[in-house]
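K.L.:
Generate a structure from the sequence data that follows.
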Amino acid sequence: MKHAIHTGYRTMGKFWRLLALMLLLGWGSQAYAQMVGTVTNLSGVLTARHPDGSTRIMSSKSEVLQGDTLITQSNTYARVKFMDNSEIVLRPASEMVVKSFLYDAEKPERNNVAIGLVKGGLRAVTGLIGKRNHDAVSFDTPTATIGIRGTHFGALFCQNDCGGVPTPNGSTPANGLHVDVAQGAIVLSNPGGSQVFQAGQFGYVANFNTPPMPVPATQGLQVKMPQSISKNAPGSKSIDASKSVSCMVQ
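P.N.:
Alright, predicted model coming up:
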C-alpha cells in the first residue's frame, strides 16, 4: 500500500513538473512570437517561416511575428508596415529575417530593430525607432551591415541570381551587395571598412572582407518597386524612389 502511494506521489510530481515545463515553453513561445508588423500589399505568394521551422502562407493583412523569415516567390512583391510605421518592400525571390523588433513608445531607449537580408532585394523607409535613434536600427547582409540615418534606401544582394536584373550597361550585376539612397543616408560597414552614402548616391560591396565603395550614378542600380506595391493612399508618403535617382532595378 505504501509503495503504491509513493509511486502515485512520484507520478503526480512528474505530471506537475511536465505541466510547468509546458506552460513555461508556451509562455516563451508566445513572448517570442510577438506581432511586429502587417502585410499591407502583396502581388503573389509570400511565406513566413517561424523560428520553430513551421511555415504559413501569408496574405494581405497577415501579421508578421518576431523572428519570422519572409520569403517571396519569383513573381511576388510584398510590402510590410511595422509597428513604428517603418516600411519594407521585398522584391521577388527574396528572403528577409526579422531578427529583432523591440518597440516601446514609453521607453525608447529599449527600442531595437535588426533585419537580415539573406537573399534578393528590398526597399526600406525609416520609422519612429530610427528617427529617435538611428543606431537602434540595422540591416544585416552577407557582405555588410547597413546602418541608417533617417533613411529611404534600396538594397540588392546578388549571388549568381541577378541575371534578369537590368543594368545601365546591359551586363549582369556583379555578385555582392548593391545599394541606393533616396533620402537621408546609410552607412555600410564590414571588416574591410565603412562608407557613408548620401541621398542620390550608390554603393557596392563585393564580399564580407572588401571595403564598401561608391558607384557612379551612371552605373548605379536602384531597387525599384511596382507602383501598385510602392504607392500609398493619396496624400501619404511613398516608398517608391523613381523620382530620386535615374537608374532602376525592376
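
K.L.:
What is the subsequent helix or strand relative to the one helix or strand in the chain whose mean pLDDT sits lowest?
P.N.:
Every helix and strand in the chain was compared by mean pLDDT, DSSP states H and E; the lowest is helix 2-32, with a mean of 49. Per DSSP states H and E, the first helix or strand lying C-terminal to helix 2-32 is strand 35-42.

K.L.:
Show me the contact partners of the helix or strand following that next one.
P.N.:
Using DSSP H and E, the helix or strand that follows strand 35-42 towards the C-terminus is strand 46-49. For strand 46-49, the external contacting residues (Cβ atoms under 8 Å, 6 or more residues apart in numbering) are 39, 55-59, 62, 64-65, 68-73, 76, 78, 90. (C-beta placed from N, C-alpha, C; glycine too.)

K.L.:
Can you list the strands that strand 46-49 pairs with?
P.N.:
strand 55-58 (antiparallel), strand 69-72 (antiparallel) (DSSP bridges).

K.L.:
mind listing what's buried in it?
P.N.:
Buried residues in strand 46-49, counting neighbours by 16 or more other Cβ atoms under 10 Å, are found at 46-49.

K.L.:
ok now that strand, how far from the chain's centre?
P.N.:
Put simply, strand 46-49 sits 13 Å off its chain's centre (Cα atoms, centre = their mean, to the nearest Å).

K.L.:
Only C-alpha atoms, please: export it in PDB.
P.N.:
Extracted as PDB, the C-alpha positions of strand 46-49 are listed here (Å, rounded to 0.1, in the frame of the first residue of the first chain):
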ATOM      1  CA  LEU A  46       4.600  35.100 -49.600                       C
ATOM      2  CA  THR A  47       5.700  32.500 -47.000                       C
ATOM      3  CA  ALA A  48       6.600  33.100 -43.400                       C
ATOM      4  CA  ARG A  49       8.900  30.600 -41.700                       C
END
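
K.L.:
would TSV of the strands paired with strand 46-49 with mean neighbour count and distance to residue 102 be doable?
P.N.:
Listed next are the strands paired with strand 46-49 as TSV, based on neighbours: other Cβ atoms under 10 Å; distance: least, Cβ to Cβ, whole Å:
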stretch	mean neighbour count	distance to residue 102
strand 55-58	14	22
strand 69-72	23	18
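
K.L.:
of the buried residues of strand 46-49, closest to residue 118?
P.N.:
Nearest to residue 118 among the buried residues of strand 46-49, counting by Cβ to Cβ, is residue 49 at 10.9 Å.
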